[in-house]
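A.B. asks: I would like the atomic coordinates for the input below:
(one chain, ligands or ions: 1)
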Amino acid sequence: MERLGRKWGQVKLPKLGWVRFRWSRPPRGTVRSATLSRQGAHWFLSLLCEDGQHTPDQHQVPDSVVGVDRGVMVAVATSDGDLFDPTFHTLKEAEREVRMRRRLSRQRKGSANRAKTKTALARLTGRVRDRRTDFNAQTAHVLCAKNSVVVLEKLNTANMTRSAKGTTDKPGRHVRQKAGLNRAILDKGWYGFKVACQNQARRTGTRIVEVNPAYTSQTCFECQHVDPRSRESQAKFRCTHCRHTDHADVNAAKNTKKRGWTNPDG
Ligand SMILES: [Zn+2]
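C.D. replies: Numbers count the residues shown, from 1 in each chain. A predicted model of the protein is given here:
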């Protein structure tokens, strides 16, 4: 890698050779690897650097554990009862996105108008993605600063790749795949959250534990009774056995915490 001037640098990448890039900020530390990514019309070069920063041997608040649930009602719910619920999409933006997608489906493949709609759509989804990234970083920071162990639901990666293949806009197939696609989008958001937690954990010495999330939302935290009917509504949990009630996502987060605590490696 070398610098060409005040604004430009160039880097030699495998298979691509020398690539010029806009020198947006100086790398801190020794460059270990480079990654190219595209967002809409723009390409980004990310450099992974060894910054010499070390992870503390012990967390400032030892023996503090929190369970985190990928909520249905909120984005993130914790076993402490905290609900992190950001707005990634404002109502207006959601409506605009639906309108643009509808327009896109009517526009002829390869037409100039279709390209225009695509660019506008990419700009909108890019904004939503940026907000999600901010949310992930901030929430991960709060959780890792407060806790020496953060227990997360383990993602089903097999599911993720299978539904990701369903990204097609052929009519007919679209409807059937929509449910799977929505799930994939949620999973991707959760993956980003996990990465954000791992990044924060390097600074605080927090240990990130992943557990199998099966039945965490149907299990009563108080008496361990499992019944899908205990999930009275999206938001409310009321045990059909012992009548214990809680916010449905918080109850799930408490179960997640318990699983990570009793079985830290599974
Ligand atoms: Zn119960």
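A.B. asks: and for residue 123, nearest residue in space, chain neighbours not counted?
C.D. replies: Counting by Cβ to Cβ, 6 or more residues apart in numbering, the nearest residue to residue 123 once its immediate chain neighbours are dropped is residue 40, at 6.2 Å. Yep, even glycine has a C-beta here, placed from its N, CA and C like the rest.
A.B. asks: and the one you found, how far from residue 88?
C.D. replies: 17 Å (Cβ to Cβ, to the nearest Å).
A.B. asks: repeat for residue 133
C.D. replies: Counting by Cβ to Cβ - residue 133 and residue 88 are separated by 10 Å.
A.B. asks: how about residue 38?
C.D. replies: For residue 38, the distance to residue 88 - Cβ to Cβ - is 21 Å.
A.B. asks: those two: who's more crowded?
C.D. replies: residue 88 (16 against 9; other Cβ atoms under 10 Å).
A.B. asks: helices of this protein, start to end?
C.D. replies: Under the criterion DSSP state H, helices of the chain are mapped to 91-106, 112-146, 157-164, 173-204, 248-262.
A.B. asks: the ion is nearest to which of those?
C.D. replies: helix 248-262 (9.6 Å; Cβ to the ion).
A.B. asks: report the buried residues of the closest one.
C.D. replies: Within helix 248-262, the residues that count as buried by 16 or more other Cβ atoms under 10 Å are 248-260.
A.B. asks: and stretch 199-217, C-alpha only, in PDB?
C.D. replies: Presented in PDB, the C-alpha positions along stretch 199-217 are these (Å, rounded to 0.1, in the frame of the first residue of the first chain):
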ATOM      1  CA  ASN A 199     -15.700  -5.700  18.700                       C
ATOM      2  CA  GLN A 200     -16.700  -4.100  22.000                       C
ATOM      3  CA  ALA A 201     -15.700  -7.200  24.000                       C
ATOM      4  CA  ARG A 202     -12.100  -6.700  22.900                       C
ATOM      5  CA  ARG A 203     -12.000  -3.500  24.800                       C
ATOM      6  CA  THR A 204     -13.900  -4.500  27.900                       C
ATOM      7  CA  GLY A 205     -12.800  -8.100  28.400                       C
ATOM      8  CA  THR A 206     -16.400  -9.300  28.100                       C
ATOM      9  CA  ARG A 207     -16.900 -12.900  27.100                       C
ATOM     10  CA  ILE A 208     -19.600 -13.500  24.300                       C
ATOM     11  CA  VAL A 209     -21.400 -16.800  24.700                       C
ATOM     12  CA  GLU A 210     -23.800 -18.200  22.200                       C
ATOM     13  CA  VAL A 211     -26.500 -20.700  23.100                       C
ATOM     14  CA  ASN A 212     -29.200 -22.700  21.300                       C
ATOM     15  CA  PRO A 213     -32.300 -20.500  21.300                       C
ATOM     16  CA  ALA A 214     -34.800 -23.400  20.900                       C
ATOM     17  CA  TYR A 215     -37.900 -22.900  23.000                       C
ATOM     18  CA  THR A 216     -36.500 -19.900  24.900                       C
ATOM     19  CA  SER A 217     -39.700 -17.900  24.000                       C
END
